[in-house]
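Engineer: Give the three-dimensional model of this entry:
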Amino acid sequence: MDFTFNEDQLLFQESVREFLGNEITPERLRAAWDTDTGRDPALWTQLAELGLAGLTVPEEHGGLGMNALDFVLLAQECGYVALAEPLVNHALAGVPLLQDLGGALAEAWLPKAATGEARIIAALEQNLLVEDAHVADLLLLERAGQWYALTQGEFSLQHNASVDPSRRLFTVTVNDAVQPVASGDQARRLRLATLNRGALGCAAQALGLAQRMVDMSVLYTSDRQQFGKPIGSFQAVKHHLANVAVRLEYAKAPVHRAAYAVAEDAAGAGQAVSQAKLMACEAAGLAAKNSIQVHGAMGYTWEVDLHIFMKKAWALANTWGDAGFHKQQVAGHIFADDAVLGAGATFQ
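Structural biologist: Residues are numbered from 1 along each chain as shown. I've put the predicted structure just below:
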């Protein structure tokens, strides 16, 4: 059994990494904070031209017809640069939800999603604040056990501040005249599937954020000197970063396994996603804590770019289900009376 990504997936990841590394700099992120939307339309156009907006759109609608397993490595790269554009939500949550809704709605919007003409944003009721609702061309919103497909003008927004300056959060109020597009059992199934996809996106981005903070800390501790030596040569500093590296490495396999489970709609996908999000966000949280520690007082300042990544890591930890929610999901699985656990059940 081969658990590795194929050559095409790895080459795609490498090309996306190169593009994002060249285009998404901390300076470009900071510049967007001062704009009205906090978003960069030119950057979204570039992402669409690379085919990323249409990656999960079916081929018959002009997309690449890929799935969560193909996208998970790219989501990690989005995390590595702290991408503010709603690409992960669009490709991993919004577009698949639109496919599941189907009908005339999907026929009308999927071709636009493929070209990047439309940004499809999905939001669950349990996330009280909706990120990027102000730039959503189609907002797929769950409220009171029903799903709504909303265009600008069919809802009102109230802005809420975030610890992460790159995030734009809103309270959304649906206009009274708007009718739901899904309810009942269908709405519940859509919620569970969308929750898994959204939480997977958070987990994948958390891996990238953790790696970026480690890389920044290694660079800083290689340059910063004390007693005539780089502080990175001191054992205490090495241990701080090694602890993060170990936690990060052990989080990768659960995230990739969860991506496979989501892509294949496998039994137990929810439990796999919850485990992945817990481990990835814990790794990112430790990366933030230990990176601040090895940066010393500099780590707390606005001028040092570290805070861009640690604040996004903190925000993702409480998005698409916080730690308490996902621990409850895992506990429900392992403590069930009919739970089948152990090495012999790993690949069932």
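
Engineer: so who does Leu87 touch?
Structural biologist: With contact taken as CB atoms under 8 Å, 6 or more residues apart in numbering, Leu87 is in contact with Leu47, Leu52, Ala53, Cys78. No exception for glycine: its C-beta is placed from N, CA and C like everyone else's.

Engineer: can you pull the buried residues of the host helix or strand of Leu286?
Structural biologist: For Leu286, the element it lies in under DSSP states H and E is helix 269-295. Of all the residues in helix 269-295, those buried under the rule 16 or more other CB atoms under 10 Å are 269-292, 294-295.

Engineer: Distance to Asn67 added to the contacts of Leu87, as JSON lines?
Structural biologist: Converted to JSON lines, these look like this (distance: CB to CB, whole Å):
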{"residue": "Leu47", "distance to Asn67": "19"}
{"residue": "Leu52", "distance to Asn67": "14"}
{"residue": "Ala53", "distance to Asn67": "15"}
{"residue": "Cys78", "distance to Asn67": "17"}
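
Engineer: From those, pick the one nearest Thr319.
Structural biologist: When the contacts of Leu87 are ranked by distance to Thr319 (CB to CB), Cys78 comes first, at 14.1 Å.

Engineer: Can you check what pLDDT the model gives the closest one?
Structural biologist: Residue-level confidence at Cys78 comes out at 98, pLDDT.

Engineer: can you check Thr346 too?
Structural biologist: With respect to pLDDT, Thr346 has a value of 64.

Engineer: so where do the strands sit in the stretch 151-300 of the chain?
Structural biologist: Listed in chain order, the strands of the stretch 151-300 of the chain (DSSP state E, counting those that start in this stretch) span 155-160, 169-174, 225-226, 229-230.

Engineer: Could you work out the end-to-end span of stretch 335-345 for me?
Structural biologist: The first residue of stretch 335-345 is 15 Å away from its last residue (CA to CA, to the nearest Å).

Engineer: Have a look at this structure and report the helix or strand with the lowest mean pLDDT.
Structural biologist: When each helix and strand of the chain is scored by mean pLDDT, DSSP states H and E, strand 225-226 comes last, with a mean of 64.

Engineer: In contact with Val330, which residues?
Structural biologist: When contacts are taken as CB under 8 Å, 6+ apart, Val330 is in contact with Gln271, Ser274, Gln275, Leu278.

Engineer: Likewise for Leu83?
Structural biologist: By CB under 8 Å, 6+ apart, the contact set of Leu83 is Leu20, Ile24.

Engineer: tell me the average confidence for stretch 273-287?
Structural biologist: Model confidence over stretch 273-287, given as mean pLDDT, is 97.

Engineer: oh, I was asking about stretch 301-309
Structural biologist: Across stretch 301-309, the average pLDDT comes to 93.

Engineer: quick revisit: redo the contacts of Val330 as JSON lines? Include distance to Thr301.
Structural biologist: Output for those, formatted as JSON lines (distance: CB to CB, whole Å):
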{"residue": "Gln271", "distance to Thr301": "40"}
{"residue": "Ser274", "distance to Thr301": "35"}
{"residue": "Gln275", "distance to Thr301": "35"}
{"residue": "Leu278", "distance to Thr301": "30"}
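
Engineer: Of those, which is the nearest to Leu73?
Structural biologist: If you rank those by distance to Leu73 using CB to CB, Gln275 comes first, at 18.8 Å.

Engineer: From Glu142, how far off is Ala149?
Structural biologist: Relative to Glu142, Ala149 is positioned 11 Å away (CB to CB, to the nearest Å).

Engineer: before we move on, the earlier item: which two among the contacts of Val330 are spaced furthest apart?
Structural biologist: Farthest apart among the contacts of Val330 by CB to CB are Gln271 and Leu278. That separation is 10.8 Å.

Engineer: So which of the contacts of Leu87 sit within helices?
Structural biologist: Using DSSP state H to define helices, the subset of the contacts of Leu87 located there is Leu47, Cys78.

Engineer: tell me the two of the contacts of Leu87 that are most distant?
Structural biologist: Across those, the two lying at the largest distance from each other (CB to CB) are Ala53 and Cys78, at 12.6 Å.

Engineer: tell me which residues in stretch 324-331 are buried?
Structural biologist: Neighbour-count burial for stretch 324-331, counted by 16+ other CB under 10 Å, picks out Phe325, His326, Gln329, Val330.

Engineer: Spatially nearest residue to Gln126 (excluding sequence neighbours)?
Structural biologist: Once its chain neighbours are removed from consideration, Gln126 has its nearest residue in Gly321; the separation is 7.1 Å (CB to CB, 6 or more residues apart in numbering).

Engineer: ok, back up a step: okay if I get the strands of the stretch 151-300 of the chain as JSON lines plus mean neighbour count and distance to Leu92?
Structural biologist: Putting the strands of the stretch 151-300 of the chain into JSON lines (neighbours: other CB atoms under 10 Å; distance: least, CB to CB, whole Å) gives the following:
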{"stretch": "strand 155-160", "mean neighbour count": "14", "distance to Leu92": "22"}
{"stretch": "strand 169-174", "mean neighbour count": "17", "distance to Leu92": "19"}
{"stretch": "strand 225-226", "mean neighbour count": "12", "distance to Leu92": "43"}
{"stretch": "strand 229-230", "mean neighbour count": "12", "distance to Leu92": "40"}
